[in-house]
Structure formats: structure tokens, C-alpha cells
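Asker: Structure, please.
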Amino acid sequence: MARNAVQFQKGPSEPAFERQYGTEEQCRAVVIASRWPHGFRCPVCGGTQHSLVKTRDLYQCTSCRRQTSPIAGTIFASTHLGLRIWFRAIYHLTQTKQGISSIELGRRLGVTQTTAWKIKHKLKQVMLERDASKRLTGRVEMDDAYLGGERSGGKRGRGAPGKTPFVVAVETTPEGKPVRLKLRRVASFCGKSISGFAKGSLDPSCSVVSDGLNSSDTVTHAGCSHQAIKTGSGPKAARTPAFKWVNTALGNIKVAITGTYRSINSKHLPRYLAEFEYRFN
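Answerer: Below is the predicted model:
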């Protein structure tokens with residue numbers, strides 16, 4: 001396999017997106033088709049016969065008379081915004097390579113920054129939950145990294161205050177091409193945290209390649225094989241072929257955060273990591 005066909009597929013242009021999802025009716029039709037691909041089915045009795053309450057945009061089951069909204073139980077439930085705005089937000093969040101700030105998203109959607117921020121974090125939460133249980137397989141490059149910390153003055157390096165540790169793992173083909181990415185915040189880089197990450201994110205069949213961090217060897221507790229390659233530090237270490245894709249992913253994440261978001265509150269970090277992971281995958 002030369003490359004990840006999904007990762008490199010061409011996304012829709014903005015004019016193409018507007019043609020497909022430019023009206024409220026088009027967006028609603030997509031939601032209905034996704035929720036009931038084989039036609040309406042009552043969530044209470046399972047009945048398929050129904051009528052449409054046009055004044056409230058609800059489906060009413062003929063058997064039990066239960067009224068159901070197409071967006072009930074979805075991320076759009078109870079929203080006061082049109083589906084067209086939500087769809088445009090999804091487009092900008094998934095198609096912008098380096099991410100998009102809530103201020104810029106608000107400008108593009110015609111909503112306030114606060115509203116745009118809430119939309120973004122709801123979408124990020126869905127991204128986080130979508131792939132949470134999917135595990136990497138095969139050859140996996142793994143590394144540890146930090147985000148945040150003291151900008152000027154104070155202690156530097158791993159012990160700097162405010163730093164948030166997270167683990168990066170990239171599944172590759174035997175030829176070394178990237179397939180999928182996993183990004184997870186951890187409490188620390190101790191053996192217990194790395195072992196927990198491996199058990200939740202790596203298939204036991206994985207062959208993990210990591211640097212010389214001692215705790216990385218605990219991936220074997222999840223049944224994975226492990227090879228440690230000590231690279232040292234500095235630019236030369238970052239160019240080590242065995243860690244090409246994990247270092248590429250880390251570089252892209254840090255550039256996007258610096259250029260787009262400037263900084264990230266540690267309590268929201270899992271959602272931001274999920275956004276980068278989703279786009280990569």
C-alpha cells in the first residue's frame with residue numbers, strides 16, 4: 001500500500017460543499033437519511049407507519065402516537081442554530097489543515113465567538129468518542145511529548161510548571177507509510193500510565209518502536225512486543241528514520257497550536273488532540 005487513501009483523498013471545495021449542503025432542507029435530508037437509512041422507525045415501539053407534523057417538524061408514529069424529532073439524541077439536539085450552520089462548522093473544522101480558532105470560525109459562520117467555541121467543542125467531543133475504542137495494529141511508532149509550560153523564565157524542560165504530558169502513537173505499514181494516529185493525555189510518563197495507554201489504544205499484536213524512555217517497555221504488559229531505539233536529543237534525533245511519522249505528527253500539532261490557538265487550557269487538551277487525530281485518520 002503506497003499511502004493512506006483516506007488520509008490523502010481530496011476534500012470538497014467550498015463551492016462544491018455549498019451545492020451539496022447549502023440549504024436547510026439539504027442538511028435535514030442528510031440527518032434523516034443517516035438516522036433512518038431504511039426509513040422511519042419509532043424509537044418506542046419500532047413502528048414504521050408515521051405522519052409528519054409540519055408545524056413542528058416532527059415525525060409522529062401511527063401506532064403509539066410518539067412524536068420524534070430527527071435531531072433528538074444527536075449532537076444537534078435542542079440547538080437554536082440552523083443545521084446549515086452546523087454543517088458549515090463541520091466542514092471548516094475537518095477541512096482546515098492547521099485547525100481554526102473560534103474567533104475565525106465565528107466570523108465565517110456569522111455567530112459570536114462564544115457560540116463558535118461551543119460548537120467546536122461539541123464537535124471535538126464527538127471526534128474524541130468516535131475513535132476512543134479503536135486500537136492501533138501492526139507496527140507502531142510511539143513517543144512522549146509535552147504541551148504548554150513556562151514561556152519565559154522559570155525552569156525549562158520536563159520539570160517546567162504547567163506542562164501537560166501526552167503520548168503519540170502512529171500505526172504504519174511494513175513499508176513505513178502512516179495509517180492511523182493515536183493521541184492521549186496521560187498523568188505522567190510512568191510505567192503505569194504508559195501501560196494503561198497501551199492496554200486501551202494498542203492491539204496485543206502491535207510491534208512498538210519507541211525511544212529510550214524506560215517506562216515505554218511497559219507496553220509489553222498489553223501483550224505488545226517492544227523495541228527501544230535510543231536517539232538522544234536535538235534535531236538529529238528528530239530525523240531518525242524509525243520515528244519519521246511520529247515526529248512529523250508532533251511537529252504538525254505543535255505548529256498548529258502555536259499558529260492557530262497560541263495556547264490550550266490543559267483541561268480541554270483531550271478534545272484538541274482528538275481534533276488532530278480525527279483529521280489525520
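
Asker: R139 and Q227, how far apart?
Answerer: 10 Å (CB to CB, to the nearest Å). For glycine as for every other residue, the C-beta is placed from the backbone atoms N, C-alpha and C.

Asker: Looking at those two, which is more packed in?
Answerer: Neighbours were counted for R139 and for Q227 using other CB atoms under 10 Å; R139 has more, 19 against 12.

Asker: quick one: the more buried one and V170 touch, right?
Answerer: No - if you go by CB atoms under 8 Å, R139 and V170 don't touch, sitting 9.2 Å apart.

Asker: ok, which stretches of the protein are helices?
Answerer: Ranges of helices in the chain, per DSSP state H, are 14-21, 24-35, 83-95, 102-109, 113-130, 191-201, 235-238, 244-256, 269-280.

Asker: so which of those helices comes closest to I71?
Answerer: helix 24-35 (6.2 Å; CB to CB).

Asker: quick one, the closest one and helix 83-95 angle?
Answerer: In terms of direction (axes from the mean of the first three to the mean of the last three CA atoms, to 10 degrees), helix 24-35 departs from helix 83-95 by 70 degrees.

Asker: Would you mark the buried spots in helix 24-35?
Answerer: Of the residues in helix 24-35, 27-28, 31, 35 count as buried by neighbour count, 16 or more other CB atoms under 10 Å.

Asker: And for stretch 246-258?
Answerer: So for stretch 246-258, counting by 16+ other CB under 10 Å, buried means 246-247, 249-250, 253, 256-257.

Asker: R108 versus K134, what's the distance?
Answerer: Relative to R108, and taking CB to CB, K134 is found at 31 Å.

Asker: ok, now which ones touch A145?
Answerer: Going by CB atoms under 8 Å, 6 or more residues apart in numbering, A145 touches 165-168, 250.

Asker: whoops, I mixed them up, G259
Answerer: By CB under 8 Å, 6+ apart, the contact list for G259 reads Q98.
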